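*Asks:* Got a predicted model here, sequence first, then my questions.
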Amino acid sequence: MLTCASCGHSNPSGARFCEACGKTVEDPAATAAAADAVEADFLLEQAKSARAPLLIVAVLSTLGAVIETVQADASIRNTVMMIDGALVASFWAIWFFAAKRPFAAASAGLALYLVVLGINAWADPSSIYKGIIIKIFIVVALVNAVRAGLKHRTFVREKGID
Ligand SMILES: [Zn+2]
């Protein structure tokens with residue numbers, strides 16, 4: 001049952017126009033559902049913004065892997081190439097995955113990126129400050145994407161959207 005805001009007439013639910021005065025009647029439930037869908041889309045887009053930092057990580061790790069492999073001592077070159085190659089492949093896979101599952105990809109990308117930063121810092125403490133601005137940008141962007149993804153998931157479940 002929808003009560004017309006203009007004349008107070010009770011219209012059957014689903015009515016778009018008042019039977020008595022012809023003005024538009026709004027279904028509060030439908031209005032709320034539309035607002036929820038907009039909010040859910042916004043949060044999903046925020047989570048998808050992880051694609052940009054993930055792409056930067058994938059490109060930078062690819063360049064880093066090439067340089068490291070070329071510079072590596074011949075005796076360990078194959079090992080370096082294999083380890084770096086696996087890492088590079090993971091970052092590209094996570095980036096690819098981010099289009100469909102932004103929350104999972106942002107979480108996995110952030111975790112892996114922090115592990116790599118940690119290993120590099122342990123192996124060479126002076127490396128921490130190399131490209132510190134881009135590192136901070138990547139971490140902040142991924143953290144924001146993870147938070148948006150988490151909010152999206154919680155919101156969608158709470159509201160029962162898809
Ligand atoms: Zn009316």
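*Replies:* Structure's in. What do you need? Everything numeric in this text was worked out from a predicted model, so none of it was measured.

*Asks:* what does the chain put close to the ion?
*Replies:* Contact residues (Cβ under 5 Å from the ion) of the chain with the ion: Cys4, Ser6, Cys7, His9, Cys18, Ala20, Cys21. For glycine as for every other residue, the C-beta is placed from the backbone atoms N, C-alpha and C.

*Asks:* The third one: neighbouring residues, count only.
*Replies:* Same thing as Cys7. Cys7 has 13 neighbouring residues, counting by other Cβ atoms under 10 Å.

*Asks:* I'd say it and Ala20 touch.
*Replies:* Yes: in terms of Cβ atoms under 8 Å, Cys7 counts as a neighbour of Ala20; the distance is 5.3 Å.

*Asks:* where exactly do the helices run in the protein?
*Replies:* Using DSSP state H, the helices of the chain run over 28-48, 51-71, 77-97, 102-123, 132-159.

*Asks:* Show me how far the last one is from its chain's centre.
*Replies:* The chain centre lies 6 Å from the centre of helix 132-159; the measure is Cα atoms, centre = their mean, to the nearest Å.

*Asks:* so what does that helix touch, helix or strand wise?
*Replies:* Here helix 132-159 touches helix 28-48, helix 51-71, helix 102-123, going by 3 or more Cβ pairs under 8 Å, 6 or more residues apart in numbering; DSSP states H and E.

*Asks:* follow-up on the earlier one: any chance of the helices of the chain in TSV, with mean neighbour count and mean pLDDT too?
*Replies:* Listed next are those as TSV, based on neighbours: other Cβ atoms under 10 Å; pLDDT from 0 to 100:
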stretch	mean neighbour count	mean pLDDT
helix 28-48	14	87
helix 51-71	17	92
helix 77-97	16	94
helix 102-123	17	92
helix 132-159	16	90
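
*Asks:* what's the closest of those to Ser13?
*Replies:* Judged by Cβ to Cβ, the one of these that comes nearest to Ser13 is helix 28-48, at 8.8 Å.

*Asks:* now the angle between helix 132-159 and the closest one, please.
*Replies:* Counting by axes from the mean of the first three to the mean of the last three Cα atoms, to 10 degrees, helix 28-48 points 150 degrees away from the direction of helix 132-159.

*Asks:* angle of helix 28-48 against helix 102-123?
*Replies:* 30 degrees.

*Asks:* Could you name the helices and strands sitting against helix 28-48?
*Replies:* Using 3+ Cβ pairs under 8 Å, 6+ apart, the elements in contact with helix 28-48 are helix 102-123, helix 132-159.
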